[in-house]
Every structure is written in C-alpha cells, then in structure tokens.
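In: Pasting a predicted model and its sequence here:
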Amino acid sequence: MSADSNRTIFGPANCALLIIKVGSSLLVEPDGQVRRAWLQTLVADIAARRSAGQKIAIVSSGAIALGAKRLKLEKGGRASLADAQAAASVGQIILSSLWAELLGRSGLIAAQMLVTLDDLEDRRRYLNIAATTRRLLDSGAVPVINENDSVATEEIRFGDNDRLAARVGQAAGAAGVILLSDVDGLYDRDPKDPAAQIVSRIETVDEAIRAMVASGSSSGMGSGGMASKLEAASIAGMAGIPLAIISGLKDHPLTAFDRGGPGSYFAADGSNNARKSWLGGRLTAKGKIFIDPGAASALARGGSLLPAGAISVEGRFARSDVVEIICAGKLIARGLCEYDADDALLICGKQSHELAGLLGTVPRSVLVHRDQMVMLS
C-alpha cells in the first residue's frame, strides 16, 4: 500500500469516525500560554471534515499545563501528585472553555467527558462510556475527552492520553485514530541522529519496532513519549483500528498530512470481537497465570487454557476477573479466569479427571476459555 493510500484511510470517505489526540506541547507553550492561533487551524480542519460527513472525537491533553500556569505551580504542575491534581482541577475548566469557544465559532457543539482508568477497565462502565460517546456523536456533538487527573492517582491512571485515545477508539467503534505530536512520526533511530528516517508504515508493533524507540522523543511537557504511542497503536490494532502518528507543529495539521506531510501509519493487526478488544486494551489485571510451553502452543493454535498447562498463579482474583497469561516471562494472552485464585492454584498442572476430587464439585473444564481470551503475542 502506498503512503498516499495510508492517508486516505483517515479521510471522511473511508473513516466514518475519527479519534484525534492532541498533546500538551501542541496546545500550550512552555510559558503556559495557549497556542490559540495554531488551535484555530486545527479546528478549521475538524470543521471541514465534519462538513464532509466525518464524525470526530477529540482526546485533549493540556489541563495540567494550563492549571499550573494559573496557579503558578513549579515544574508545570508535576512536582507532586497533589500539584498535578490541583492543576488539573483548574486547568480542565480552562481547557473545556477553550474547546467550546473555538468549536462553537465553527458551528460545532463541544461535549466534555472526563474519564479514569477504572472507567475503561470495568466492563460495565466501559460500555456506558461507549454508549454516551456514540449518542453524542449521533447528536452532532464533538466529544472532548480527557483523563480526570483531578481525582486519578498513580495507581489508577492512564498516565498519558495516547493510550486513552486508543481505548476511546475501541469503545466508540472508531475507524481510525490520529495522534498529533511534537514529532513527525516513528524514527528508525534517535531523531537527533542526522541519519534517522521516519518509518512510514508499520505492520505490527513487534520487538524490532519497539527497539527503534529513542529517549528524548517526548517534548517533556506531556506525560507520553513514543513508547506510549506504540502501546496505543497496539491497543488500536487489536480492535482493527489503524492509527497514525503525525506532526502537529505546522498549521492545519490534518490538511498537511492529507497533502503529503510526514507521518507513521500503523496497520490494524486484526479485528477481534468487542469483548476481546476490551480485554486486549486493558492496562490492569487482577492476577497472573504462569503456563508451560506446551500450553502456550495450544493457545497459539486457538485452544483454551487447561489446568494441566498451568504452572502457578499469582494475585488475588475471583472467578471472571481478568488475568494475564505468562510463559517464560513473556505476557502472551489476557482473559477472564473460570476459577478464583485459590482453586486455580489447587488445580495447576492437574488433568481433567482429577479436578472433581480436588474441588469437591463438578468442575469447569478450562481455566480460561478461548472465547474469553485474547492473544497478545
């Protein structure tokens, strides 16, 4: 597929719903001032696409940076969790007002949505976010989504909006995700190296691609670097959603990309069903199940995880909780466990005919069913 074909995938004719993520360094100058003139050009691009029939949701960073400026906090509001939460509380009002004003000038209705990691990790709340997002889009609004940093803690937060954008894309059923960044795309080595070149198309985010990630690719104002963007591409890809990283440093960034501007296109790995997409995109799990190579081979062939292939378990989890499945130190799958942690540990390595005697009840035949599991490698 040509580079031009990669670009048309995100156009109104081929992409009914597009998620656009805007990083902090694009919205806010180092001195805390809003890059209003640039933002107006982005809104003009969004309005043109909306007129062409494309639905758009925006995942916007910038609340902490804006709030830190208003409160005169050191280190951009990131000196401590308390500073970040306070800055976000003030900055979110500024950020939402800014988007409402500029979208409104183009005749578009802005809708604010603040989410936490738990909102997208819990299946019921995830579905509720999906329904709300779709209703807003169907009503003609432009959802502006951000992590609720005013209440999120280090243990329960995304930490960057790249992965949030991919998860929102999954939930909303998007056809594409574009990450606007302060870099032109993924480089094959440190971008500071004069010989560095942009990788224009990536089929799969594998170890070779991850090795290309160079330190210093982040602006330093936001919380996400290139590593988080690769994770976002993996999350989107598992849901069958292509993703692009493009530069937001020029005016009308979407138009510039359409016309041949630089960028990296990540092809979608496949299209899992809705539940498997949700499982694959999760960032947390209640526990771990360690398995032997034979079991890993069976999973790769599409099989379920049987107790006989399990070596040990870790964590405190109940039946139907999400667990990670690990072989030789590598995360290979994620799924919903059919047993709680104590029973799972009891039947590790046991054959099917032994289970009833160990458990004292009619056993379920598998630890994790293939229909409730997604392969990650």
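Out: It's in.

In: Tell me where the model's unsure across the protein.
Out: The model of the chain has pLDDT under 70 over residues 1-4, 152-159, 214-224, 269-272.

In: how's it carved up into domains?
Out: 3-277, 285-375 (automatic domain parsing).

In: how about the strands in the stretch 51-200 of the chain?
Out: For the stretch 51-200 of the chain, applying DSSP state E, counting those that start in this stretch gives strands covering 55-60, 109-115, 141-147, 176-181.

In: follow-up on the earlier one: most tightly surrounded among the domains of the chain?
Out: Most buried of the domains of the chain, by mean neighbour count (mean count of other C-beta atoms under 10 Å): domain 3-277, with a mean of 19. Any C-beta I mention is one placed from the backbone N, CA and C, and that applies to glycine too.

In: what's the spacing between it and its chain's center?
Out: Averaging C-alpha positions (C-alpha atoms, centre = their mean, to the nearest Å) puts domain 3-277 9 Å from its chain's average.

In: Tell me the spacing between residue 338 and residue 124.
Out: As judged by C-beta to C-beta, to the nearest Å, residue 338 and residue 124 stand 20 Å apart.

In: and if you look at residue 178?
Out: In this view, residue 178 and residue 124 are 29 Å apart by C-beta to C-beta.

In: Residue 208 now?
Out: Taking C-beta to C-beta, one finds residue 208 at 38 Å from residue 124.

In: again with residue 195
Out: Distance check for residue 195 against residue 124: by C-beta to C-beta, it reads 50 Å.

In: picking that back up, kindly reformat the strands of the stretch 51-200 of the chain as a markdown table containing distance to residue 278.
Out: Formatted as a markdown table, the strands of the stretch 51-200 of the chain follow (distance: least, C-beta to C-beta, whole Å):
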| stretch | distance to residue 278 |
| --- | --- |
| strand 55-60 | 18 |
| strand 109-115 | 14 |
| strand 141-147 | 17 |
| strand 176-181 | 16 |
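
In: for those strands, which one sits closest to residue 49?
Out: Across these, residue 49 has its closest neighbour in strand 55-60 (6.2 Å, C-beta to C-beta).

In: what angle do that closest one and strand 176-181 make?
Out: Strand 55-60 and strand 176-181 are oriented at 30 degrees to each other (axes from the mean of the first three to the mean of the last three C-alpha atoms, to 10 degrees).

In: Residues touching strand 55-60, excluding its own?
Out: Applying C-beta atoms under 8 Å, 6 or more residues apart in numbering, the contact partners of strand 55-60 are 16-22, 27, 46, 49-50, 95, 99, 133, 137, 142-146, 161, 164-165, 168, 172, 174.

In: one more time with 6 Å, if that's ok
Out: Residues outside strand 55-60 that contact it (C-beta atoms under 6 Å, 6 or more residues apart in numbering) are 17-22, 46, 137, 142-146, 161, 164-165, 168.

In: Counting only helices, which of those residues make the cut?
Out: Of these, the ones assigned to helices by DSSP state H are 46, 137, 161, 164, 165, 168.

In: Show me what the residue nearest to the second one when sequence neighbours are not counted is bridged to.
Out: The spatially closest residue to residue 137, leaving aside those adjacent along the chain, is residue 55, at 4.6 Å (C-beta to C-beta, 6 or more residues apart in numbering). According to DSSP bridges, residue 17 are recorded as the beta-bridge partners of residue 55.

In: Now do the same contact list for residue 163.
Out: Residue 163 makes contact with 231, 232, according to C-beta under 6 Å, 6+ apart.

In: Would you mind measuring from it to residue 228?
Out: Separation of residue 163 from residue 228 (C-beta to C-beta): 6 Å.

In: State the three-state secondary structure for residue 302.
Out: Following DSSP: H, G, I helix; E, B strand; the rest coil, residue 302 is assigned to coil.

In: To which secondary structure element is the nearest residue to it once chain neighbours are set aside assigned?
Out: Distance criterion C-beta to C-beta, 6+ apart; nearest residue to residue 302, sequence neighbours excluded, is residue 370 at 6.2 Å. Element membership of residue 370, judged by DSSP states H and E, is strand 368-375.
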